[in-house]
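Quick one, structure for this:
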Amino acid sequence: MAEAKRDPVSSLSALPAWQELANHYTQIKDLHMRDLFNSEPARFDNFSIHFNDILLDYSKNRITEETLQLLFKLARESNLADWTQRLFSGEHINNTENRAVLHTALRNRSNKPVMVDGKDVMPEINQVLKQMARFSESVRSGEFRGYSGKRITDIVNIGIGGSDLGPYMVTSALQSYWQDGLRAHFVSNVDGTDISETLDAIDPETSLFIIASKTFTTKETMANAHTSREWFLQQGNASAEDVKHHFVAVSTNAQAVADFGIDTDNMFGFWDWVGGRYSLWSAIGLSIALCIGMRGFEELLQGAHEMDIHFATADWSENIPVILGLIGILYRNFFNASNHAILPYDHYLRLLPLYLQQADMESNGKRITRSGKLVDYKTGPIIWGAPGTNGQHAFFQLIHQGTELIPADFILPVHTHNPVGRHHSVLAANCLAQTEALMRGQTLEEAMQALKQQGMDDDAAEQLHYHKEFPGNQPTNTLLIGQLTPRTLGSLIAMYEHKIFVQGIIWRVNSFDQWGVELGKQLADVIESEFDSPGPCTGHDSSTNGLVDYCKRLL
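As a prediction, this is how the structure comes out:
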């Protein structure tokens with residue numbers, strides 16, 4: 001099999017700034033953040049950024065001012081400013097699919113023209129937003145009702161990937177803003193258990209299904225859609241004519257939508273310059289508008305738009321996505337950190353790590369540059385996480401005392417939607433304490449002293465104190481937000497989108513395709529057909545043949 005070739009002329013690792021960073025790393029790799037804070041009384045002020053209701057504290061990173069300047073130099077040598085302008089101007093920067101990348105246009109609240117191939121796309125975007133507003137308001141007000149005349153009480157979004165994770169995460173995060181009497185459900189897995197459990201929990205007379213598939217052919221989505229339609233028709237007195245009262249589509253395939261029985265007036269379109277994992281800002285966010293209202297959805301767009309402006313115009317020294325992206329480059333490529341943890345201290349943000357897994361790993365999990373060359377450096381890290389304080393009683397052990405360097409983002413709303421006793425004070429204290437503990441650690445001497453103060457005798461303390469040593473020097477970013485609102489959430493999501501973009505530009509990969517998902521899907525179609533074929537399976541390796549045959553005997 002032919003291998004992609006390395007391009008030594010354009011290799012990232014050949015850039016002067018990269019070489020300087022490599023040399024700089026040897027000077028800072030053994031620096032301890034304890035010492036940095038001791039020598040820099042104003043370190044917090046120097047390494048923090050305010051943006052609206054968001055505060056980023058990145059002072060607990062293994063960086064100096066020289067580190068930042070070298071990272072900015074790397075960004076200049078990688079033409080980050082030019083690529084940013086190309087992103088916002090509608091150029092076809094998704095070169096493998098020859099498409100523009102304009103999720104930012106979807107939330108362009110300034111309504112300034114955005115050109116794609118010589119055409120202003122804002123009128124089309126605004127038309128879809130108006131359609132979403134009319135429909136969501138008709139459902140929320142009770143004007144739009146089911147075939148039996150009852151109000152809609154349950155919204156079922158059927159999609160997969162970006163057509164599921166984005167709206168699922170956002171609606172969960174903004175549950176405090178849901179309209180009373182409405183519930184949301186999200187079905188994505190082709191495992192029949194997913195759709196079965198959802199259908200068991202709803203009433204066909206009061207449920208609205210959103211089928212989210214641009215082509216209306218996505219295999220998993222359409223399997224769940226047809227199962228839902230059959231279930232609906234088998235319940236009560238519903239007929240095929242009643243499908244239009246309970247099913248709508250986010251798609252561009254009008255014929256397939258109509259054949260399904262959906263009124264094409266309730267078909268919400270979007271465009272090929274909207275990537276799946278960047279699509280919640282489009283009609284894919286219809287479930288969001290239904291749950292929190294169109295005004296809330298527009299606030300979400302507004303927050304993202306404000307972050308877009310910040311990213312496009314702020315000096316890099318005060319630019320949150322640029323700072324986060326470049327620091328991530330430092331850890332991935334020089335400190336050899338293969339993981340990055342997302343740790344929201346807010347129950348409503350519990351799906352954010354899952355959402356960012358797709359946003360980041362599907363974007364930058366690449367080994368081939370935009371020009372088709374094999375990289376000679378590491379690219380996208382493994383993204384994972386869980387809400388605090390749950391993670392503290394699970395995987396934090398590995399971050400504190402394991403052998404991996406795992407940079408982490410701690411995210412904390414200062415104000416909670418659910419003030420209960422001292423709960424939020426305890427939560428906030430734990431969040432801030434963990435970042436301090438990860439930075440400071442605990443020396444052997446401190447461990448010994450603490451044990452003796454607890455009354456332990458010298459011999460017992462000597463045996464135990466080695467286990468009480470924490471190396472510290474574990475890097476963290478802390479993001480404080482005033483309160484989790486549609487607007488602040490929009491800014492937070494857009495911040496991570498632009499961070500991912502920054503890293504993709506530095507790594508010279510196309511962050512907007514996802515060819516890696518295709519091969520398995522193609523082979524799955526072949527294997528699915530073989531389950532119905534007589535005789536033994538012979539078309540694969542011995543392992544796959546054996547597994548197919550074993551399943552055939554049991555199916």
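
what comes into contact with stretch 397-409?
61, 324, 327-328, 331, 335-343, 385, 437-438, 470-471, 474-479 (CB atoms under 8 Å, 6 or more residues apart in numbering). Backbone N, C-alpha and C define where each C-beta goes, glycine included.

Let me see the ranges of the strands in this structure.
48-51, 54-57, 115-116, 119-120, 154-158, 183-187, 207-212, 247-250, 267-268, 339-344, 382-385, 408-415, 476-483 (DSSP state E).

got the domain boundaries for this protein?
For the chain, automatic domain parsing gives the domain ranges 12-77+314-440+474-507, 115-295, 517-554.

want to throw the ones you listed into a markdown table with mean neighbour count, mean pLDDT and distance to Arg86?
Formatted as a markdown table, these follow (neighbours: other CB atoms under 10 Å; pLDDT from 0 to 100; distance: least, CB to CB, whole Å):
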| stretch | mean neighbour count | mean pLDDT | distance to Arg86 |
| --- | --- | --- | --- |
| domain 12-77+314-440+474-507 | 18 | 97 | 10 |
| domain 115-295 | 19 | 97 | 12 |
| domain 517-554 | 11 | 93 | 25 |
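
could I get the ones you listed as TSV with distance to Ala461?
Formatted as TSV, these follow (distance: least, CB to CB, whole Å):
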stretch	distance to Ala461
domain 12-77+314-440+474-507	18
domain 115-295	46
domain 517-554	54
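
Gln449: which of those domains is closest?
Nearest of the domains of the chain to Gln449, taken as CB to CB: domain 12-77+314-440+474-507 at 14.7 Å.

what's the spacing between that closest one and its chain's center?
Put simply, domain 12-77+314-440+474-507 sits 14 Å off its chain's centre (CA atoms, centre = their mean, to the nearest Å).

now the end-to-end length of it.
Distance across domain 12-77+314-440+474-507, first residue to last, is 7 Å (CA to CA, to the nearest Å).

quick one, the longest helix belonging to the chain and strand 154-158 angle?
When the chain is parsed with DSSP state H, its longest helix is helix 286-313. In terms of direction (axes from the mean of the first three to the mean of the last three CA atoms, to 10 degrees), helix 286-313 departs from strand 154-158 by 60 degrees.

And the strands of the chain: which comes nearest Cys291?
strand 183-187 (5.3 Å).

Give the pairing partners of that closest one; include direction for each.
The sheet places strand 183-187 alongside strand 154-158 (parallel), with pairing taken from DSSP bridges.

residues contacting the residue lying closest to Asn189 once chain neighbours are set aside?
Nearest residue to Asn189, sequence neighbours excluded (CB to CB, 6 or more residues apart in numbering): Glu220, at 7.3 Å. Counting by CB under 8 Å, 6+ apart, Glu220 makes contact with Ile160, Ser188, Asn189, Val190.

same question, Ser228
Contacts of Ser228 by CB under 8 Å, 6+ apart are Val156, Ile158, Val187, Ile195, Leu199, Phe209, Phe247.

possible to save those residues as CSV with distance to Glu299?
CSV is the format used below for those (distance: CB to CB, whole Å):
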residue, distance to Glu299
Val156, 24
Ile158, 26
Val187, 27
Ile195, 32
Leu199, 32
Phe209, 26
Phe247, 28
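
Next, name the residue at the spatial heart of this protein.
Leu356 (2.3 Å; CA atoms, centre = their mean).

List the residues that contact it.
Neighbours of Leu356 in contact, by CB under 8 Å, 6+ apart: Ile342, Ile383, Gly385, Tyr496.

Next one: it from Pro381, what distance?
Note on Leu356: its distance to Pro381, by CB to CB, to the nearest Å, is 11 Å.

Same check on Glu445?
On the measure of CB to CB, Glu445 and Pro381 end up 34 Å apart.

likewise Lys119?
Counting by CB to CB, the gap from Lys119 to Pro381 is 38 Å.

same check, this time on Gly296
Counting by CB to CB, the gap from Gly296 to Pro381 is 33 Å.

what's the answer for Thr215, then?
Taken as CB to CB, the span from Thr215 to Pro381 is 32 Å.

Please enumerate the helices of the stretch 51-200 of the chain.
Here the stretch 51-200 of the chain has its helices, by DSSP state H, counting those that start in this stretch, at 65-77, 80-89, 103-106, 122-141, 162-173, 192-200.

dump the residue contacts of the nearest residue to Ser511 once chain neighbours are set aside.
In space, and not counting its chain neighbours, Ser511 is closest to Gly504: 3.3 Å by CB to CB, 6+ apart. Residues near Gly504 by CB under 8 Å, 6+ apart: Ser363, Asn364, Asn510, Ser511.

quick check, nearest of those residues to Ala240?
Ser363 (41.1 Å).

didn't that closest one look like it was pressed against Ile500?
Yes. Ser363 sits in contact with Ile500 when judged by CB atoms under 8 Å, with a separation of 5.0 Å.

any residues in contact with both of those two?
Ser511.

Contacts for stretch 414-424, please.
Contacts for stretch 414-424 (CB under 8 Å, 6+ apart): Ser176, Asp346, Tyr348, Leu427, Ala428, Leu480, Ile481, Gly482, Gln483, Leu484.

In space, what's closest to His347 - neighbours in sequence excluded?
Pro387 (5.9 Å).

Isn't that neighbour up against Leu354?
No. Pro387 is beyond contact range of Leu354, at 11.0 Å (criterion: CB under 8 Å).

circling back: can I get the contacts of stretch 414-424 in TSV including distance to Ser543?
Formatted as TSV, these follow (distance: CB to CB, whole Å):
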residue	distance to Ser543
Ser176	49
Asp346	44
Tyr348	43
Leu427	47
Ala428	51
Leu480	50
Ile481	48
Gly482	54
Gln483	52
Leu484	47
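
Alright, that wraps it up for me.
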